[in-house]
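Undergrad: Quick one: sequence plus predicted model below, questions after.
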Amino acid sequence: MNNVLKFAVPISALGPLFPAEKASRPTVPDRDKILEIRLMGRLDIRFHGQTLVLPTRHTAFLIAVLALEGRLQRETLAARFWGERGEAQARASLRQTIYHANKALAHVGAATLDVDRQSVGLKGGAFQTDVQTLLANLETDPVAAAARFAGELFGNTGRVGATFQEWLDTERRSFSEKITRRLENASAACLAKENWSGLEELASWRLDQDPYNECALRHCMEALFQTGRRGAALVLFEDVRTRLQSSLQVEPEAETLELRGRIAARYDGPSEERTHGADKPTLPGDSDTGGITLIGTTHTFVIRNLLDKAKSKRDLSNLLEEIVRCGSEQLREQAGQAITDIVRDKGQG
């Protein structure tokens, strides 16, 4: 007897077992169906490109903390946000905040929180954060990633409870240290490969974050020197040395002084002319020459250092013309903003 399977419904009516159109679709999240959560600079939660309207700050804080840390126990969240209250009141506040969050998410069609009796989380694949993107980009293109750094976590939160503020301060330090370590490693790699443009970008970012970082200072000076901007390297050194002396009452490290001496002693051609009587290059407003030396670096406070020395609108105009003629696009943007600020501050119209 032949064992033959018989179907009450023709197999063809069931449709293809492996539909081609489904098999060919990429398995990537649909950006229209995920929360886009900005954690750096200021807190912003968007769905379909629109900022979610949330009833309380703690509703936004809850979503942000879960996006940053992942699934957490209810008791952890209650203690973190409302540690100053009694346990029963803190748990009640958490329940209310979860309710508000789910109501707001459901209203726009976004995935609601994944909640059980012990813990709370965001559903996997239902969100994306700028922190995730930054950390991923730091592995592949640290120079570009540094330019996208948007500030400290959560930005200005206003007045919050002591326990939440303590947690936030710790997270901000940890995040900053993580970014700094990765950029230090990337800077060292640029130095080893003699990638001077990459080294300058990374070192400038690190100096903007910490104006007293002498390792970043040395990297930036080296990059400027190696790309023919000896005067810019010396001005940068003088600026940071002044900051160290006035704010911390300390002198630069021996390694920094040695690098400064090496740069000042080098003479590589007529394009690098020494300033008579000093190693320091001519600055805007110098009474003897009135000349201006272009600082070909993207470091904002160096530009401002030069502009602050300008004594007239003519000095500002000359510097701007030289920047427009010789500077990079990023330098022109930063110098233009700095000039606008100083003209306003000095009332030079």
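TA: Perfect, I can see it now. For clarity, every value in this text was computed on a predicted model and none was experimentally measured. Numbering: from 1, shown residues only.
Undergrad: What lies in contact with stretch 150-169?
TA: Contacts to stretch 150-169, defined as CB atoms under 8 Å, 6 or more residues apart in numbering, come from residues 38-43, 57, 61, 64, 68, 79-84, 130-131, 171-172, 175-176. Placement of C-beta: from N, CA and C, glycine included.
Undergrad: mind listing what's buried in it?
TA: 152, 153, 154, 157, 160, 163, 164, 167, 168 (16 or more other CB atoms under 10 Å).
Undergrad: Tell me the one of those residues nearest residue 195?
TA: Nearest to residue 195 among these is residue 152, at 28.2 Å by CB to CB.
Undergrad: What segments of the stretch 51-200 of the chain are helices?
TA: In the stretch 51-200 of the chain, helices defined by DSSP state H, counting those that start in this stretch lie at 57-69, 74-82, 87-108, 130-140, 142-147, 162-193, 196-209, listed in chain order.
Undergrad: Between these, which has the poorest mean confidence score?
TA: Note on the helices of the stretch 51-200 of the chain: helix 142-147 shows the lowest mean pLDDT, a mean of 88.
Undergrad: Check which helices and strands it sits against.
TA: On a contact count with 3 or more CB pairs under 8 Å, 6 or more residues apart in numbering; DSSP states H and E, helix 142-147 meets helix 130-140, helix 162-193, helix 196-209.
Undergrad: circling back: relative to residue 50, which of the buried residues of stretch 150-169 is nearest.
TA: Taking these together and measuring to residue 50 by CB to CB, the closest member is residue 154, at 20.5 Å.
Undergrad: ok, and which of the helices of the stretch 51-200 of the chain has the densest surroundings?
TA: Comparing these by mean neighbour count (mean count of other CB atoms under 10 Å), helix 196-209 ranks first with a mean of 23.
Undergrad: Test my guess that residue 38 contacts residue 129.
TA: Yes - Residue 38 lies in contact with residue 129 (CB atoms under 8 Å); the separation is 7.5 Å.
Undergrad: got the contact list for stretch 193-203?
TA: Residues outside stretch 193-203 that contact it (CB under 8 Å, 6+ apart) are 142-143, 146-147, 183, 186-187, 189-191, 216-217, 219-220, 222-224, 226-227, 297-298.
Undergrad: Check stretch 255-271 too.
TA: 214, 217-218, 221-222, 225, 228, 230, 233-234, 237, 251-252, 272, 274, 279.
Undergrad: And stretch 122-138, by the same measure?
TA: Looking at what lies outside stretch 122-138 - CB under 8 Å, 6+ apart - the contacts are 29, 31, 33-40, 63, 66-68, 110-114, 144-146, 148-150, 153, 175, 178-179, 182-183, 186.
Undergrad: 7 Å - rerun?
TA: With CB atoms under 7 Å, 6 or more residues apart in numbering as the test, stretch 122-138 has contacts from 29, 34-40, 66-68, 111, 113-114, 144-145, 148-150, 182.
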